[in-house]
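> Following is a predicted model, sequence given first.
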Amino acid sequence: MDVHKIGIVGAGAMGTGIANVAVMNGYEVVLRDIDISYVEKSRQNMAKFMARSVEKGKMSEEQRQAALNRIKGTTALEDLADVDFVIEAAIEDLNLKKEIFKSLDSICRPEIVLATNTSSMSITAIGASTTRPDKVCGMHFFNPAQIMRLVEVIRGLQSSDETIATARALAESFGKKAIEVKKDSPGFVVNRILLPQFVEAARLLQEGVASVEDIDTAVKLGLNYPMGPFELMDYTGVDIAYFVMEYFAEEFNNGNYGAPQVIKQMVRAGRLGKKTGGGFYEG
Ligand code: 3HC
């Protein structure tokens, strides 16, 4: 089906990045969060990102204004009634996501696809909270979504081929490379590889093998990664890393995936990285 207007649920870092990419590629966006101040903040962040895009000669000022005008902010989920596709990017709480999908299912037209940007959770479980599990899939973007080139399109147990093709085509129309995750497995592909790296980095730290800075330097220079594991956890949120580690441990019935003490302590101390102004690095 033709997609012109996209509903995005959640105006945090991921919702903002996805909305930004969508409007820059000509789509209209209805961006919903529970508090209008979050939506306003998100719009400001998009305006800032696009101002840099203008400076870099990647878009004109007129295109920037037109893109910003394509965003409609709201706190009412009902305002997604006429969208052609939904991407949910709310916080990583399965029960909350199920509630959102249940509501979306009753609000949105029955033929449209409802996608979740969950980083790790079960697409099948989320789909089962709707009457259209065949039209539910995962669409996992990477932070910062404006820049990162990959989208994982994830098949829930009941997702149809048409749903996967629609999500894939949408990701590609955003200028992203889409890969298909054929089975609904925790963490899909990228986080299944990334999170054990975070766990191992945290173990090296707590065993006193090397410092935060030296582990990051080792990974950046030895593996040519743009960021080391601690920088990246600070960037994407130590709480998210913790959540996914614990989720893996439970889902795989394997405590080796679980969060090492040093990660647990950071979360208990509220040192969650960029969003709290303190993580493994101060400030
Ligand atoms: N408009 C257009 N392009 C822009 C731009 C803008 N407003 N701002 C930046 N860019 C482009 C730049 O031009 C540059 O591209 P170029 O090399 O072709 O010119 C590129 O984006 C990088 O921008 P910067 O030079 O400003 O920034 P850095 O070089 O410092 O890179 C970074 C920043 C992209 C965040 C880089 O450090 C990085 O890739 N870090 C790793 C990020 C990562 O691993 N993300 C995945 C996290 S895991 C995840 O999200 C999963 C989740 O479930 C947890």
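That came in fine, so what should we check first?

> all contacts plus neighbour counts: C-alpha atoms, from now on.
Noted.

> separation between the nearest residue to residue 276 once chain neighbours are set aside and residue 280?
Residue nearest to residue 276 in three dimensions, not counting chain neighbours: residue 270, with 7.5 Å by CA to CA, 6 or more residues apart in numbering. Separation of residue 270 from residue 280 (CA to CA, to the nearest Å): 11 Å.

> Residue 158 - how many residues pack around it?
Residue 158 is flanked by 17 other residues according to other CA atoms under 10 Å.

> before we move on, the earlier item: please read off the pLDDT at the residue nearest to residue 276 from the model.
At residue 270, the pLDDT value in this model is 94.

> How about the residues of the stretch 51-200 of the chain by the ligand?
52, 53, 119, 142, 143, 147 (CA under 6 Å from any ligand atom).

> Considering those, which possesses the most neighbours?
Neighbour counts for these (other CA under 10 Å) peak at residue 119, which has 23 neighbours.

> Look at the nearest residue to residue 1 once chain neighbours are set aside and say how many residues are nearby.
In space, and not counting its chain neighbours, residue 1 is closest to residue 166: 7.4 Å by CA to CA, 6+ apart. Burial of residue 166 is recorded as 20 neighbouring residues (other CA under 10 Å).

> Residues touching the helix or strand hosting residue 166, excluding its own?
In this assignment (DSSP states H and E), residue 166 forms part of helix 161-173. With CA atoms under 8 Å, 6 or more residues apart in numbering as the test, helix 161-173 has contacts from 1, 3, 25, 113, 115, 134-137, 139, 151, 153-155, 177-179.

> Are any of these buried, and if so which?
113, 115, 134-137, 139, 151, 153-155, 178-179 (16 or more other CA atoms under 10 Å).

> Give the buried residues for the helix or strand containing residue 44.
Per DSSP H and E, residue 44 falls inside helix 36-55. By neighbour count on 16+ other CA under 10 Å, the buried set for helix 36-55 is 36, 38, 39, 42, 43, 45, 46, 47, 49, 50, 51, 54.

> average model confidence for that helix?
On average, helix 36-55 scores 98.

> Please apply the same query to stretch 91-109.
97.

> For that stretch, list every residue counted as buried.
Of the residues in stretch 91-109, 91, 92, 94, 97, 98, 100, 101, 102, 104, 105, 108 count as buried by neighbour count, 16+ other CA under 10 Å.

> Nearest to residue 70 among these?
residue 108 (19.6 Å; CA to CA).

> So the closest one sits against residue 77, correct?
No - counting by CA atoms under 8 Å, residue 108 does not reach residue 77; the two are 9.4 Å apart.

> what are the ranges of the helices in the chain?
For the chain, the helices defined by DSSP state H cover 13-24, 36-55, 61-69, 94-107, 123-127, 161-173, 190-206, 212-223, 229-236, 238-251, 261-268.

> could you measure residue 225 against residue 219, distance?
Taken as CA to CA, the span from residue 225 to residue 219 is 6 Å.
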